[in-house]
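A.B. asks: no FASTA, just this:
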């Protein structure tokens, strides 16, 4: 490994190259990387996923996923239904076409994995996987801490700015005033 190559660059480059190799093998099936990654996330999930959950798993913004899901639905790869709990939310499921090819996608991915990892000792793979799992856990733990800190700061600022007062929001106060109730 060269001095200029950092762990992050190596990790990112390896993941990108691996996905590109799999992408080349799945293209004849009519699957782009965006499509097969979405289908795999849906197939690995125990329940239907929301559009927001899919965006989070793919690491893209929700508007990007909406266009992708529209194409996938039009091509018969997925179905979208309104959530029984929240009609504003779409639940995404694998369509019949996708259910037939998931096994092919998995077989292709397995074959690639065996080709790329064939001569690497099992102990080295085990160590590598332990290290990667620890790095991911730390990153996710830091993300949770940062999210909680941001929420706490936002709540504190809202309280300090008078947006939260006696458990009533500004919008409710304004509505009360405009309805003729006067200042409360």
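C.D. replies: Looks like it came in fine. Nothing here was measured: the structure is a model prediction, and the numbers come from that model.
A.B. asks: residues in contact with the residue sitting nearest the centre point of the chain?
C.D. replies: Central residue of the chain (Cα atoms, centre = their mean): residue 57, 1.4 Å from the mean position. Taking Cβ atoms under 8 Å, 6 or more residues apart in numbering, we find residue 57 in contact with 41, 49. From N, CA and C alone the C-beta is placed, and that goes for glycine too.
A.B. asks: now the phi/psi pair for it, please.
C.D. replies: The phi/psi pair for residue 57 (degrees, to the nearest 10) reads phi -70, psi -30.
A.B. asks: next: the one 4 residues further on.
C.D. replies: Backbone dihedrals for residue 61, given as degrees, to the nearest 10, come out at phi -80, psi 150.
A.B. asks: wait, doesn't it sit right on residue 54?
C.D. replies: No: with contact defined as Cβ atoms under 8 Å, residue 61 does not count as touching residue 54 (11.4 Å).
A.B. asks: what about those two, which has more around it?
C.D. replies: Between residue 61 and residue 54, counted using other Cβ atoms under 10 Å, residue 54 has the larger neighbour count: 23 against 9.
A.B. asks: can you give me the distance of that one to residue 90?
C.D. replies: Applying Cβ to Cβ, to the nearest Å, the value for residue 54 to residue 90 is 10 Å.
A.B. asks: overlap in contacts of these two?
C.D. replies: Contact criterion Cβ under 8 Å, 6+ apart; residues bridging residue 54 and residue 90 by contacting each: residue 69.
A.B. asks: and this structure, what are its domains?
C.D. replies: Domain ranges of the chain: 17-119, 120-167, per automatic domain parsing.
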